[in-house]
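[1] Sequence and predicted structure are below.
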Amino acid sequence: MGIGISQIIDTPIQDLSMDQVAAEAGISRGLLFHYFPTKTDYHRAVVEAARRRVGRNVSPDARVVGEAAVRQVVERFLDQVARRRASYVALVLGQAPIARAAGDDPVETVREHVAGVVVSATGLPDAALPAVHGWVAYLEDRALQWAALPAAERDAGRLALVDHCTRALPLLTTPELGAETVARATT
């Protein structure tokens with residue numbers, strides 16, 4: 001899967017050459033098709049492997065809970081996107097049409113996974129999942145913008161961004177707090 005993940009940075013997934021993948025893996029095309037009967041099966045496996053990798057990389061440590069877990073998710077998400085921005089963009093933005101045609105949506109699966117991790121680590125009720133999912137989309141957007149900055153600017157703004165994104169979650173998941181904050185901001 002690593003070969004496919006690395007190739008989707010420069011090549012749309014629908015244009016991946018199965019012959020090239022097999023050659024780079026040092027196997028025959030027939031063996032590749034033994035494990036993945038169709039090119040779509042291979043595409044799905046690449047997208048799923050990339051989603052699992054992102055999930056592992058951004059999950060908080062098992063014993064970390066609450067706000068500390070959220071902070072760890074934010075820090076690790078920023079690190080993931082900064083380290084692998086091109087592959088992340090290819091996975092969640094560049095590959096969505098082929099994945100949707102195959103019945104999957106990598107944007108949603110990555111966001112859903114991270115949202116589930118956050119709900120679990122914070123003890124939020126399942127009813128908060130839609131708000132947490134929206135927060136993950138916000139975090140993703142902020143991370144992609146931040147990762148595109150020159151390294152010096154990223155370093156200088158990292159702590160403030162981590163603090164901001166960590167504080168944003170309770171504003172979305174605590175309706176009373178969110179409404180109170182909006183009321184103060186608009187008066």
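    Looks like it came in fine.

[2] Surely Thr173 touches Ala128?
    Yes - using C-beta atoms under 8 Å, Thr173 makes contact with Ala128 at a distance of 4.6 Å. C-beta here means a position set from N, CA and C on the backbone, and glycine is covered the same way.

[3] what's the spacing between Gly55 and Ala90?
    From Gly55 over to Ala90 the distance is 17 Å, taken as C-beta to C-beta, to the nearest Å.

[4] what does Pro37 give?
    24 Å.

[5] Who has more neighbours out of the two?
    Ala90 (22 against 9; other C-beta atoms under 10 Å).

[6] distance of the more buried one from Gly4?
    11 Å.

[7] ditto for Ala156
    With C-beta to C-beta as the criterion, Ala156 and Gly4 are 36 Å apart.

[8] Which secondary structure element is home to the residue nearest the centre of the chain?
    Nearest residue to the geometric centre of the chain (C-alpha atoms, centre = their mean): Val110, 4.5 Å. Following DSSP states H and E, one finds Val110 within helix 106-122.

[9] Could you pull out the buried residues of that helix?
    106-119, 121-122 (16 or more other C-beta atoms under 10 Å).

[10] What is the helix or strand following that helix packed up against?
    Note on helix 106-122: by DSSP H and E, the next helix or strand toward the C-terminus is helix 129-147. Contacts defined by 3 or more C-beta pairs under 8 Å, 6 or more residues apart in numbering; DSSP states H and E place helix 129-147 against helix 66-83, helix 85-89, helix 106-122, helix 151-173.

[11] which parts of the second one are buried?
    Taking 16+ other C-beta under 10 Å as the basis for neighbour counts, the residues of helix 85-89 that come out buried are 85, 87-89.

[12] ok, now the first one?
    By neighbour count, with 16+ other C-beta under 10 Å as the criterion, the buried positions of helix 66-83 are 69-78, 80-82.

[13] Name the surrounding residues that touch that helix.
    54, 57-61, 64, 88, 114, 117-118, 121-123, 139-140, 143-144, 146-147, 154, 158, 161-162, 165-166, 169 (C-beta atoms under 8 Å, 6 or more residues apart in numbering).

[14] what do you get for the longest one?
    Taking C-beta under 8 Å, 6+ apart as the criterion, the residues outside helix 151-173 that touch it are 67, 70-71, 74-75, 78, 82, 118, 122, 124, 128, 131-132, 134-135, 138-139, 142, 146-147, 149, 177-178, 181.

[15] Helix or strand with the lowest mean pLDDT in the protein?
    helix 96-101 (a mean of 47; mean pLDDT, DSSP states H and E).

[16] Look at Ala49 and tell me its secondary structure.
    When classified by DSSP: H, G, I helix; E, B strand; the rest coil, Ala49 comes out as helix.
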